[in-house]
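[1] sequence unknown, structure follows:
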């Protein structure tokens, strides 16, 4: 009887363990495949991110070309994008849909380059006349390229989430089989369930939750799974992808709000900040002032000493504006050699004093560049809310008029 009992339980164990073993091997194979697929997806996301960042850099160089009338400054950036596209077209993208998306983005990029070729054929006067239309065409074409790359980026993230869901489904089926075994061999099943919960379901759930958060835009998420297991490899790949994506997105946010040459806010972000500060001033009935600055005879510096010297002067003047402004003030480069400073909680009298301080910082200390000494002066126009107007449009127009008045009456002065 003991033999029969042991035989019966031995057969039962074999019957239970065979499907369990089969399910376990199937799940481990799925996880191993997931690890490889996620690594491929991470590589595709990384390549797409690098390509998108290179396209943004080429667009920024294109804007500089329109400002300085120098098409040569963008050649290196365009070559970088061409190399990134070549890597993408012959590297990590293998499916027809992915190749079609990258090829479509590459086609739009070629059209973007066609605009640059048109710019190469223009002389400075023609480029100056066509600058507004060229800027619109460049921005429109750049948006088409980046939209396609963003779609590919999102598709790769969705692919990772789908792979996690498929693995979770496999884990759920495995759990169902395990629960059936619990009714026949409770002690063994409980032990197995505890082991599976600790080393399989918990990491899988964490992978799913963190992937969902990342899909929703939270790139700060990290998975706390270590070791050389498939989950550990997936977690390492996920964390690496999230870290790289976070850096790329931070760089993109900085590039979209900051002027690449001076580090000041760009015009778009300046207009956004000005409207926010005006809304705050209106809500709490507080004063707000605005400075418009223009470097005197800046074109002569570019024409006589070259754009490299002009860039150095722009950076130095921007640094002195930051030095003269307060920590609560908001400085921006609006275009060319024109800069602006938003002064929250500042009356006209205080704005005049601060403008004179910035004016003195720029004028009193010459700028050293390439062994030369530049004596730089600026003209400054001031407008104050609500004295000069209730809206950003009226306020900027008033500051611009006062800046023009300062330049018309001899430059190197402050007008309010």
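    Received, thanks. Because the structure is predicted, anything quoted here is derived from the model rather than measured.
[2] for this protein, which element, helix or strand, carries the lowest mean pLDDT?
    Here the helix or strand of the chain ranked lowest by mean pLDDT, DSSP states H and E is helix 186-196, holding a mean of 57.
[3] per-residue pLDDT, residue 289?
    If you check residue 289, the pLDDT there is 96.
[4] that should have said residue 309, apologies.
    According to the prediction, residue 309 has pLDDT 88.
[5] check the one 10 residues further on too.
    pLDDT, the model's per-residue confidence, is 94 for residue 319.
[6] buried residues, the helix or strand harbouring it. List them.
    Using DSSP states H and E, residue 319 maps to helix 307-324. When burial is assessed from 16 or more other CB atoms under 10 Å, helix 307-324 yields the following buried residues: 307, 309-322, 324. Yep, even glycine has a C-beta here, placed from its N, CA and C like the rest.
[7] quick one: contacts for residue 275?
    Contact criterion CB atoms under 8 Å, 6 or more residues apart in numbering gives residue 392 as the residues in contact with residue 275.
[8] for it, give its distance to residue 161.
    Distance, residue 275 to residue 161, by CB to CB, to the nearest Å: 37 Å.
[9] same question, residue 256
    Using CB to CB, one gets 26 Å for the distance from residue 256 to residue 161.
[10] the more surrounded of these two?
    The residue with more neighbours, out of residue 256 and residue 161 and counting by other CB atoms under 10 Å, is residue 161; that gives 17 against 12.
[11] which helix or strand contains the more buried one?
    Using DSSP H and E, residue 161 falls within helix 124-184.
[12] so where do the helices sit in the stretch 301-416 of the chain?
    Here the stretch 301-416 of the chain has its helices, by DSSP state H, counting those that start in this stretch, at 307-324, 348-364, 392-408.
[13] now those helices as JSON lines including distance to residue 129?
    Conversion of the helices of the stretch 301-416 of the chain to JSON lines gives the following (distance: least, CB to CB, whole Å):
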{"stretch": "helix 307-324", "distance to residue 129": "20"}
{"stretch": "helix 348-364", "distance to residue 129": "32"}
{"stretch": "helix 392-408", "distance to residue 129": "22"}
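[14] just give me the neighbour total for residue 374.
    By other CB under 10 Å, the residues close to residue 374 number 16.
[15] OK, contacts around it?
    301, 309, 313, 366, 367, 368.
[16] beta partners of it?
    The partner list for residue 374 in beta bridges (DSSP bridges) reads residue 367.
[17] measure it to residue 291 for me?
    For residue 374, the distance to residue 291 equals 22 Å [CB to CB].
[18] what residues of stretch 288-297 count as buried?
    Of the residues in stretch 288-297, 288, 289, 290, 291, 292, 293, 294, 295, 296 count as buried by neighbour count, 16+ other CB under 10 Å.
[19] from these, pick the one nearest residue 179.
    residue 288 (66.6 Å; CB to CB).
[20] what is residue 379 paired to in the beta sheet?
    Applying DSSP bridges, one finds that residue 379 bridges with residue 294.
[21] from the buried residues of helix 307-324, which is closest to residue 409?
    Using CB to CB, residue 317 comes nearest to residue 409 of those, at 21.1 Å.
[22] the closest one contacts residue 376, correct?
    Yes: shown here, residue 317 and residue 376 form a contact pair, counting by CB atoms under 8 Å, at 6.5 Å.
[23] shared neighbours, the two?
    Counting by CB under 8 Å, 6+ apart, the residues touching both residue 317 and residue 376 are 295, 362, 367.
[24] ok, of these, which one's closest to residue 409?
    Looking at those and their distance to residue 409, the nearest is residue 295, at 16.9 Å (CB to CB).
[25] check contacts around that closest one.
    When contacts are counted by CB under 8 Å, 6+ apart, residue 295 touches 313, 314, 317, 337, 376, 377, 378.
[26] surely the last one meets residue 296?
    If I follow you right, that is residue 378. Yes: with contact defined as CB under 8 Å, residue 378 reaches residue 296; the gap is 6.3 Å.
[27] can you list residues touching both of the two?
    Listed as contacting both residue 378 and residue 296 by CB under 8 Å, 6+ apart are residue 412.
[28] what's the local residue count around residue 399?
    For residue 399, the tally of surrounding residues (other CB under 10 Å) stands at 26.
[29] can you check residue 243 too?
    Other residues near residue 243 come to 13 when the count uses other CB under 10 Å.
[30] also residue 367?
    Residue neighbour count, defined by other CB under 10 Å, stands at 19 for residue 367.
[31] distance check, residue 376 against residue 208.
    58 Å.
[32] coming back round to it: for residue 108, find the nearest of the helices of the stretch 301-416 of the chain.
    For residue 108, the closest of the helices of the stretch 301-416 of the chain is helix 307-324, at 29.2 Å, according to CB to CB.
[33] please list all residues in contact with residue 296.
    When contacts are counted by CB under 8 Å, 6+ apart, residue 296 touches 376, 377, 378, 379, 407, 411, 412.
[34] rerun at 10 Å
    337, 362-363, 375-379, 406-407, 410-413 (CB atoms under 10 Å, 6 or more residues apart in numbering).
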